[in-house]
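Visitor: Here is my input, please return the structure:
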Amino acid sequence: MQLPIRRGRFESCRLMPTSNLTIVQHPLIQHKLTILRDRETSTAQFRQVLREIAFILGCEATRDLALGDIEIDTPLETGRFPYLEGKKLCFVSIMRAGNGLLDGLLDLIPSARVGHVGLERNEETLQPRQYYFKAPDGLGTRQVILLDPMLATGGSAIAALDLLKEKGARRIKFMCLVAAPEGVQAVSAAHPDVPIIAAALDRELNEIGYILPGLGDAGDRVYGTKG
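Guide: Numbering: from 1, shown residues only. A predicted model of the protein is given here:
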């Protein structure tokens, strides 16, 4: 499946006119993503680099936050300057791998509220099963950013988005590292109002629903639970 890509060194690139996908082409993100793809990357390094990428991706995901202005005194004079307005953001992690992105985003915006969605994938049906969900109140008045390093079949993302909307969320973005075309199309069809922000769009899914070339199981690599 060949998709048109506009390359830019420091700009985001929009792909697939029928989807809401944005690929962030910043050189540092692409360099760090290659480190994560490498099977020889250690658990400690994987965890640290994932956190660093999340910080940079978070700048893209929050670029449209509303600004007001506030009067302050600089060391030299009084003036009015830009200041974030509105309720604090909410980051929602799809556990457990999403927590690796969450750490980097909290480095960027420490005051953000945090929610968690616990989903397990049935390895035979590839469908998600919910085992946990907790989110802050007032989601309807907050910008919500849903986090999961991998967008594969799209099942977990769709299930989590369903839960957030049932909880009242109205402004939601989905942020991941690597997406498969199948997952992008599924999420865009189920939730066309949700922008998807990713570091890469990979080739395809294999027969068991893993992204190719991908980077393996992000949760196992973050927590060192395999091998």
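
Visitor: counting contacts, what elements does the longest strand seen in the chain pack onto?
Guide: The longest strand of the chain (DSSP state E) is strand 113-121. Packing partners of strand 113-121 (3 or more CB pairs under 8 Å, 6 or more residues apart in numbering; DSSP states H and E): strand 90-95, helix 98-108, strand 128-134, helix 155-166. Backbone N, C-alpha and C define where each C-beta goes, glycine included.

Visitor: redo that, cut-off 10 Å
Guide: strand 90-95, helix 98-108, strand 128-134, strand 143-147, helix 155-166 (3 or more CB pairs under 10 Å, 6 or more residues apart in numbering; DSSP states H and E).

Visitor: Tell me how many other residues surround the residue nearest to Gly219 when sequence neighbours are not counted.
Guide: Nearest non-adjacent residue to Gly219, counting by CB to CB, 6 or more residues apart in numbering: Ala97, 3.8 Å away. Using other CB atoms under 10 Å, Ala97 has 24 other residues around it.

Visitor: Check Gly183 too.
Guide: Neighbours around Gly183, by other CB under 10 Å: 30.

Visitor: Can you point out the helix or strand that includes it?
Guide: Gly183 is part of helix 181-190, with elements assigned from DSSP states H and E.

Visitor: could you give the angle of that helix to helix 155-166?
Guide: Put simply, helix 181-190 runs at 20 degrees to helix 155-166, going by axes from the mean of the first three to the mean of the last three CA atoms, to 10 degrees.

Visitor: how about helix 181-190: buried residues?
Guide: Of the residues in helix 181-190, 181-188 count as buried by neighbour count, 16 or more other CB atoms under 10 Å.

Visitor: Name the residues that touch that helix?
Guide: 1-3, 15-16, 18-21, 148, 150-159, 161-162, 174, 176, 179-180, 194-196, 198, 201-205, 209, 211 (CB atoms under 10 Å, 6 or more residues apart in numbering).

Visitor: tell me which residues form a beta bridge with the spatially most central residue of the chain?
Guide: Per CA atoms, centre = their mean, the C-alpha nearest to the average position across the chain is that of Met175, at 1.7 Å. Going by DSSP bridges, Met175 is paired in beta bridges with Leu147, Ile197.

Visitor: what residues are up against it?
Guide: Applying CB under 10 Å, 6+ apart, the residues near Met175 are 22, 24, 54, 57-58, 60-62, 91, 98, 101, 105, 145-149, 151, 195-199.

Visitor: Give me the pLDDT for it.
Guide: At Met175, the model reports a pLDDT of 97.

Visitor: next one: the one 10 residues further on
Guide: Here, the pLDDT recorded for Gln185 equals 94.

Visitor: Could you do Thr125 as well?
Guide: Reading off the model, Thr125 has pLDDT 70.

Visitor: My reading is that it lies in a strand. Confirm?
Guide: No - using DSSP: H, G, I helix; E, B strand; the rest coil, the secondary structure at Thr125 is coil, not a strand.

Visitor: Let me know whether it touches Gly155 as I believe.
Guide: Yes - at 9.1 Å, Thr125 counts as touching Gly155 under the criterion of CB atoms under 10 Å.

Visitor: hey, what's in contact with both of those two?
Guide: Gly209.

Visitor: could you give the angle of the longest helix along the chain to strand 143-147?
Guide: The residue-count maximum for a helix in the chain (DSSP state H) belongs to helix 43-61. Comparing the axes of helix 43-61 and strand 143-147 via the same axes, to 10 degrees yields an angle of 150 degrees.
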